[in-house]
Structure formats: structure tokens, C-alpha cells
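Chemist: Sharing a model that was predicted from the sequence below.
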Amino acid sequence: MTSFDLSLYLVLDPDLCRTHSMVETTMAAIAGGATIVQLRDKKVGTEGLIRIGRELMDAMAGSGVPLIVNDDIDAAIAIGADGLHVGQDDISAQTARERLGRDKIIGLSIENEEVARKVDPSIVDYVGVGPIFATATKPDHKPAIGFDGLAHLIKIAKRPSVAIGGLKQDHVDRVFAAGANGLAVVSAICGHPDPEAAAHKIATEIMATKSAF
Ligand code: TZP
Ligand code: MG
């Protein structure tokens with residue numbers, strides 16, 4: 001499987017990437033220290049995702065940073081993306097694994113104990129855990145779980161994990177103290193006028209925090 005580092009996980013949101021294009025935001029975030037990128041666009045459909053995804057794959061080639069597609073397995077396959085991220089209401093991780101094969105990265109969102117217990121470690125490469133805080137970026141999100149909830153679900157799921165939901169630089173120490181392997185952010189980078197500087201600040205904090213553990 002493509003190796004991956006969840007430390008600073010950029011989730012692209014076209015509504016928030018306004019000052020820069022998706023590609024510009026991505027390359028700036030990678031220059032700043034983003035370690036993995038997810039293409040998450042709920043509005044453009046499979047054809048639109050394929051178009052943007054191909055541009056992203058070209059731009060990111062040689063960066064060593066994997067591109068994960070949210071929800072849409074057909075787009076992920078057409079793009080030749082490094083992986084797929086699914087939620088509890090999407091196709092199952094098992095179906096995704098059957099279609100993608102062993103080499104691709106599969107991420108699964110978990111938001112409560114019940115679903116955390118069902119994570120199959122032979123199928124799921126990492127879990128996205130949250131939302132830690134309520135966030136306007138995902139209006140239909142499940143109840144916020146806080147850092148105690150994060151620590152609890154990580155212990156149950158026993159997979160590499162990335163925390164998501166309302167996270168910023170200030171939360172880095174609490175995310176790693178809870179046992180997560182990284183932070184996933186949308187607005188903290190996509191919504192920032194200088195995405196490279198925003199990513200760099202968070203990445204620097206992450207490196208300092210990880211070396212203190
Ligand atoms: N899943 C749970 S919260 C969330 C997603 C996709 C959005 C997080 O966005 P932000 O702007 O980092 O709070
Ligand atoms: Mg989904």
C-alpha cells in the first residue's frame with residue numbers, strides 16, 4: 001500500500017477555497033507541510049471530481065503526498081487516486097476494498113462507539129474521528145465528541161487515526177495527547193488567505209508536539 005502520514009491532513013472544500021483554486025490551495029498547503037490531501041466536493045458529481053482530481057494528481061506528482069477521494073469510488077478509480085475516504089452512509093469499506101485492491105488507502109469516518117467497534121483492521125487503513133467540535137463546514141455533522149471522545153474512540157478502533165472538526169493550531173497538543181496520528185482541517189487552511197503560511201504554522205506545531213512525545 002502507498003505509505004501515508006496523517007500528521008496534517010488537508011480536506012479540500014470548494015466553498016472555502018475561494019481566494020485560491022483547489023490546485024493552488026493544495027500546492028501551497030503541501031509547501032507548508034500538509035502530508036495528505038482529500039478531495040471532497042459534494043456538488044460537482046463524478047465527472048467534475050474526475051476533472052479536478054486529474055488536475056490535482058498532475059500537480060501533486062512527485063510530491064510524495066497521497067490524494068484521497070471522498071465518497072466517490074468511481075471517481076477515485078478513474079483518477080488513479082491513492083485512496084478513498086468513506087463515511088458510515090457511503091459504500092462499505094469492504095466493498096471499497098474489493099474494488100480498489102490491496103494497494104489503495106481506505107479511510108473510514110467514525111463518530112461513536114458503536115461504529116468504532118465495527119472497524120475491521122484488515123480492511124480499514126485509518127479512521128477519521130470526529131467531529132471534535134461543532135463546525136459550520138459540515139452542517140449535517142454528528143454531535144461533537146471533544147478530546148475525551150476522541151481518545152475513547154481511538155482506543156476502541158485501534159487503527160491509525162486523524163481527528164477532524166473545528167481544529168486549529170491551538171488544538172495540536174490535545175489531538176496528539178488523545179492518541180491521534182494527526183489533524184484533518186478544512187477551514188484552517190482552505191479558508192485562510194495564505195494557505196501556505198496557515199499550513200506551515202500548524203505543521204511546525206505538529207513537529208514540535210510529536211518530538212515532545
Ligand atoms: N467531517 C467531520 S467535521 C468535518 C468533516 C468533513 C468538517 C471539518 O471542517 P473544519 O473547517 O476543519 O471544521
Ligand atoms: Mg461521505
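Modeler: Thanks, I have it. Numbers count the residues shown, from 1 in each chain. Ligands and ions are numbered 1, 2, ... in the order given.

Chemist: In contact with the nearest residue to residue 153 once chain neighbours are set aside: list those residues for me.
Modeler: Of all residues not flanking residue 153 in the chain, residue 116 sits nearest, at 4.5 Å (CB to CB, 6 or more residues apart in numbering). Just so you know, the C-beta spots here come from the backbone N, C-alpha and C atoms, and that holds for glycine as well. For residue 116, the contacting residues are 110, 127, 153, 156, 157, by CB atoms under 8 Å, 6 or more residues apart in numbering.

Chemist: In which helix or strand does the fourth one reside?
Modeler: Going back to what we said before, that points to residue 156. Element membership for residue 156, per DSSP states H and E: helix 146-157.

Chemist: how about that helix: buried residues?
Modeler: For helix 146-157, burial by neighbour count (16 or more other CB atoms under 10 Å) applies to 146, 147, 149, 150, 151, 152, 153, 154, 156, 157.

Chemist: What of stretch 40-51?
Modeler: Quick answer for stretch 40-51 (16+ other CB under 10 Å): 40, 41, 49, 50.

Chemist: residues making contact with the helix or strand containing the third one?
Modeler: Taking DSSP H and E as the criterion, the element that holds residue 49 is helix 45-60. Contacts made with helix 45-60 from outside it, assessed by CB under 8 Å, 6+ apart, are listed as 22-23, 26-27, 30, 37, 39, 41, 44, 67, 69, 72, 74-76, 78-81.

Chemist: To what extent is residue 207 buried, counted in neighbours?
Modeler: Residues near residue 207, counting by other CB atoms under 10 Å, number 14.

Chemist: Check which helices and strands the one helix or strand it maps to is in contact with.
Modeler: Here residue 207 sits within helix 195-212, counting by DSSP H and E. Under the contact definition 3 or more CB pairs under 8 Å, 6 or more residues apart in numbering; DSSP states H and E, helix 195-212 sits against strand 8-12, helix 22-32, helix 172-177, strand 182-185, helix 187-190.

Chemist: got JSON lines for those, with distance to residue 55 and mean pLDDT too?
Modeler: Output for the helices and strands packed on helix 195-212, formatted as JSON lines (distance: least, CB to CB, whole Å; pLDDT from 0 to 100):
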{"stretch": "strand 8-12", "distance to residue 55": "12", "mean pLDDT": "97"}
{"stretch": "helix 22-32", "distance to residue 55": "5", "mean pLDDT": "96"}
{"stretch": "helix 172-177", "distance to residue 55": "30", "mean pLDDT": "98"}
{"stretch": "strand 182-185", "distance to residue 55": "21", "mean pLDDT": "98"}
{"stretch": "helix 187-190", "distance to residue 55": "16", "mean pLDDT": "94"}
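
Chemist: Residue numbers of the protein in contact with ligand 1?
Modeler: 11, 130-131, 135, 137-138, 141, 164-167, 185-188 (CB under 6 Å from any ligand atom).

Chemist: just to revisit the earlier point, please list which of the buried residues of helix 146-157 also come close to ligand 2.
Modeler: Counting by CB under 5 Å from the ion, nothing from these sits close to ligand 2.

Chemist: near ligand 2 at all, stretch 61-75?
Modeler: Yes. Using CB under 5 Å from the ion, we find that stretch 61-75 touches ligand 2 at residue 71.

Chemist: I'd like to know how far the residue nearest to residue 153 sits from residue 64.
Modeler: Applying CB to CB, to the nearest Å, the value for residue 116 to residue 64 is 30 Å.
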